[in-house]
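Peer 1: Give me a 3D structure for the following:
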Amino acid sequence: MSPVGYFFLAVAVLILGFAVYGRIVEKLFGPNIYRPTPAVTLGDGVDYVTLPTWKIFMIQLLNIAGVGPVFGPIMGALYGPSALLWIVFGTIFAGGVHDYFSGMISLRYNGTSVPEVVGHTLGQFFRHFMSFFSLLLLVLVGVVFVTAPASILASLTPSWANLRFWLIIIFAYYFFATILPIDVIIAKLYPLFAAVLIIMAFGVAGGLVYKGYDFFNWTATSGEVFANFHPEGLPIWPLMFITIACGALSGFHATQSPMMARCLANEKRGRLVFYGAMVAEGIIGLVWATAGMTFYDSPEALNAVIKGGGSAAAVVKDISLTLLGPVGGVLVILGVVILPITSGDTAFRAARLLLADFSGLKQARARSRLLIAVPLFVVGIVLCNVNFTTIWRYFSWSNQTLATVMLWAGAAYVVRRGTFHWLLTLPATFMTATVATYICVAPEGFTLPYEVGATIGVGVAVLALAAFMRNLKNFRRNVLLEMST
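Peer 2: Residues are numbered from 1 along each chain as shown. Predicted coordinates:
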């Protein structure tokens, strides 16, 4: 099979994963088409609003994506074709499962935010831990996705439209998108922006084929396929699994899924919306990882563009302009400016909902939304003046740690109902080893020798699995107590 054939085979496997494994995951959860959803029982015209399924899918895709399945896979491409394996199998067996259960459990608990979901399944300690953890992650994402697009816009516009000007404009948009009903701004604009994200990916893939690029030319040069191609020799595990993040598995998705859980009219639509959006994101990630390994002659060349431009945005611009011409230029601006903004505004909206769930403050009235949103944005504006260079290094690790906890929560949820838990327990155990090893060996962590860090990481995962198995009876006992009361 030709290299281009392998790419399309990977896409086909992802689609097959949705059709087959996604149905297995759905059956494990057991959606009930006759069970009224929160959009119906709690409709408030603000956050609980019934929307068409296709629109929810497009909004969910953009909510969980932004630039995640673009920048992460480009950085992951430095490791070589191994990145494609993680994108494909990570999406099917970890990311899709994580997104489906985070969305559907939230739906079963009236659309509550991820800390409430975790609290219901793992207990109050984890509820409070996840409240702090999720809020920190959401505010961090929101603030960074203010400053990054504002900086790009300031560099493209006249001098009077400086950084401060664009910060004010973007923050103002964020504020209105956070407090207005979901069908006023987000439901109208996000399907269009999601279409831009999809068009970018298909345009790049088509451009590579049309212009005759030699897919995965690095492997042809070296004669190896799944070797470690990283120019700095960084280990594939755990670093690549942390770097790619949104292209295969992301805890940020668990903070976004409850927003769409509040808009579903039927539980059977959950597989398309949650698992399906993750598969679509995986395909987009697959395109950009492949582009990085195909457009450039070597991993060193790709790394030089990333470092020279300060981020993977330079690679997006380079590839899009070359393959798509003037149209690519427009898509680049939309991609590196609008898409981060759509991640930022939903991050602030999710933070508002999280705080509302934690405090019990109903959000139907505008005054209640302002009571949470105003202090939240004051904090965000203050943090814009902080140097995030060091803090942002922890984002990818924090993101995957959040996903790991959510997978354990999903496993506990199915155990409490007496069903098969290994579809969640296995990826949860693997990711526990991954995040524990990463924090042990990473420069922003404990900088331990790799062998020591890997041993500790695997040990932590084994202990976590043992603790989970020891508590199986407790999980089931808790659900019996709930039923009796």
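
Peer 1: So the nearest residue to residue 162 once chain neighbours are set aside: helix, strand or coil?
Peer 2: Using Cβ to Cβ, 6 or more residues apart in numbering and skipping residues adjacent in sequence, the residue nearest residue 162 is residue 154, 5.6 Å away. To be clear about C-beta, it is placed using only N, CA and C from the backbone, and glycine gets the same treatment. Here residue 154 takes the helix state, with states given by DSSP: H, G, I helix; E, B strand; the rest coil.

Peer 1: okay, residue 154: pLDDT?
Peer 2: What the model reports for residue 154 is a pLDDT of 83.

Peer 1: cool, residue 339 as well?
Peer 2: For residue 339, the pLDDT comes out at 77.

Peer 1: residues contacting residue 366?
Peer 2: Contacts here follow Cβ atoms under 8 Å, 6 or more residues apart in numbering; on that basis residue 366 touches residue 179.

Peer 1: doesn't residue 168 make contact with the residue nearest to residue 162?
Peer 2: No. Taking contacts as Cβ atoms under 8 Å, residue 154 lies outside contact range of residue 168: 11.7 Å.

Peer 1: Near the residue nearest to residue 162, how many other residues are there?
Peer 2: Using other Cβ atoms under 10 Å, residue 154 has 17 neighbouring residues.

Peer 1: Show me the shaky parts of the stretch 351-485 of the chain.
Peer 2: Within the stretch 351-485 of the chain, the set of residues satisfying pLDDT under 70 comprises 385-393, 473, 475-485.

Peer 1: ok, now with 50
Peer 2: Within the stretch 351-485 of the chain, the ranges that satisfy pLDDT under 50 run 388-389, 483-485.

Peer 1: Please enumerate the helices of it.
Peer 2: 366-383, 389-392, 395-416, 422-441, 450-470, 472-484 (DSSP state H, counting those that start in this stretch).

Peer 1: Tell me which of the ones you listed lies nearest to residue 291.
Peer 2: helix 395-416 (20.8 Å; Cβ to Cβ).

Peer 1: thinking again about what came up before, so what's the residue nearest to residue 162 up against?
Peer 2: 161, 162, 163, 165, 166.

Peer 1: Chain neighbours aside, what residue packs nearest to the fourth one?
Peer 2: So that's residue 165. Using Cβ to Cβ, 6+ apart, the closest residue to residue 165 is residue 154 (7.5 Å).

Peer 1: Show me what the host helix or strand of residue 253 is packed against.
Peer 2: Using DSSP states H and E, residue 253 sits within helix 252-261. Secondary-structure packing of helix 252-261 (3 or more Cβ pairs under 8 Å, 6 or more residues apart in numbering; DSSP states H and E): helix 53-65, helix 96-108, helix 114-122, helix 124-156, helix 339-359, helix 395-416.

Peer 1: so where is the chain shaky, pLDDT-wise?
Peer 2: Counting by pLDDT under 50, the chain has low-confidence residues at 388-389, 483-485.

Peer 1: Pull out the buried residues from stretch 179-191.
Peer 2: For stretch 179-191, the neighbour count (16 or more other Cβ atoms under 10 Å) marks 179, 181, 182, 185, 186, 187, 189, 190, 191 as buried.

Peer 1: Isn't the first one up against residue 369?
Peer 2: Looking back up the chat, that one is residue 179. Yes. Shown here, residue 179 and residue 369 form a contact pair, counting by Cβ under 8 Å, at 4.6 Å.

Peer 1: which neighbours do the two share?
Peer 2: With Cβ under 8 Å, 6+ apart as the test, residue 179 and residue 369 both reach residue 352.
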